[in-house]
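Asker: Next one to model:
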Amino acid sequence: MKLPFYLEGYFLGLQDPDTPDNIRFIHVQSDGGNRYTLKLAKPLRHLPWQQLTVGQPLRIEGQQSFQGLDLPPKLKAERVLFDPAGLPAFIASEEPPKPQPAVLEVCTRGTCRRRGALELCDRLQAEAKTCAVEVRTRGCLGRCKQGINVRRSSDNQILSQLSPQAAAELLSPWRNPAVVSGTAVG
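Answerer: Here you go, the predicted model:
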């Protein structure tokens with residue numbers, strides 16, 4: 001379900017400042033101190049975002065889509081007004097937000113559950129202690145015939161036809177190279 005949203009706040013930074021030709025996400029703080037990561041609609045991605053300063057007032061309109069009861073809505077900015085009247089200047093007292101940890105969401109419903117999703121989730125959670133990744137259970141991802149299904153937050157890709165034995169392979173992109181077999185090296 002998508003609903004419109006309206007947000008007045010302050011620019012905190014870019015999610016990936018190393019790709020200036022295709023900015024996809026920005027970080028914004030509301031007047032109340034809440035921080036948001038907003039996906040930019042394609043027409044907004046080529047604006048001069050690198051020229052903004054931390055604390056610059058913004059007024060943003062767009063669409064929010066709800067993913068479930070346990071997850072925050074995804075916000076997509078469709079219109080941005082820079083330096084809107086009525087918003088005072090903001091003095092940043094904190095550093096820009098740190099990147100969110102990667103998240104693996106394991107479907108634990110129906111077919112996925114019968115094929116071992118709970119065991120996969122347990123294995124992922126046990127092995128994730130050595131990785132920069134968070135493991136969550138969730139409802140159906142809509143690919144029941146291809147279960148076990150897992151959504152990767154880094155690229156929003158749904159991985160299918162997994163087994164509980166796939167835990168180590170799923171975590172390999174986030175595995176700390178200094179940790180080998182549960183013991184620190186160095």
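Asker: quick one, helices of this structure?
Answerer: 110-114, 117-127, 167-171 (DSSP state H).
Asker: Point out the most buried one among those.
Answerer: Mean neighbours per residue, mean count of other C-beta atoms under 10 Å, is largest over those for helix 117-127, with a mean of 19. C-beta: built from backbone N, CA, C; applies to glycine.
Asker: mean confidence for that one?
Answerer: The pLDDT scores in helix 117-127 average 90.
Asker: Counting by contacts, list what it packs against.
Answerer: strand 102-107, strand 133-138, helix 167-171 (3 or more C-beta pairs under 8 Å, 6 or more residues apart in numbering; DSSP states H and E).
Asker: residues in contact with it?
Answerer: Outside helix 117-127, the residues that touch it by C-beta atoms under 8 Å, 6 or more residues apart in numbering are 104, 106-109, 135, 137, 147-148, 150, 162-164, 166-168, 170-171.
Asker: Run the chain-centre distance for it.
Answerer: 21 Å (C-alpha atoms, centre = their mean, to the nearest Å).
Asker: Quick one: low-confidence residue ranges for the chain.
Answerer: Applying pLDDT under 70 to the chain flags residues 1, 16-22, 83-100, 176-186.
Asker: What separation do you get for the residue nearest the centre of the chain and L104?
Answerer: Central residue of the chain (C-alpha atoms, centre = their mean): S153, 5.5 Å from the mean position. Here S153 is placed at a distance of 7 Å from L104 (C-beta to C-beta, to the nearest Å).
Asker: repeat for R45
Answerer: 27 Å.
Asker: Now for the closest residue to the residue nearest to the centre of the chain other than its chain neighbours, how many residues are close by?
Answerer: Closest residue to S153 apart from its sequence neighbours, by C-beta to C-beta, 6 or more residues apart in numbering: V103 at 3.9 Å. Neighbour count for V103, taken as other C-beta atoms under 10 Å: 15.
Asker: Same question for the one 4 residues further on.
Answerer: Around C107 sit 28 other residues, with neighbours defined as other C-beta under 10 Å.
Asker: would CSV of the helices of the chain with distance to L81 be doable?
Answerer: Formatted as CSV, the helices of the chain follow (distance: least, C-beta to C-beta, whole Å):
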stretch, distance to L81
helix 110-114, 44
helix 117-127, 42
helix 167-171, 42
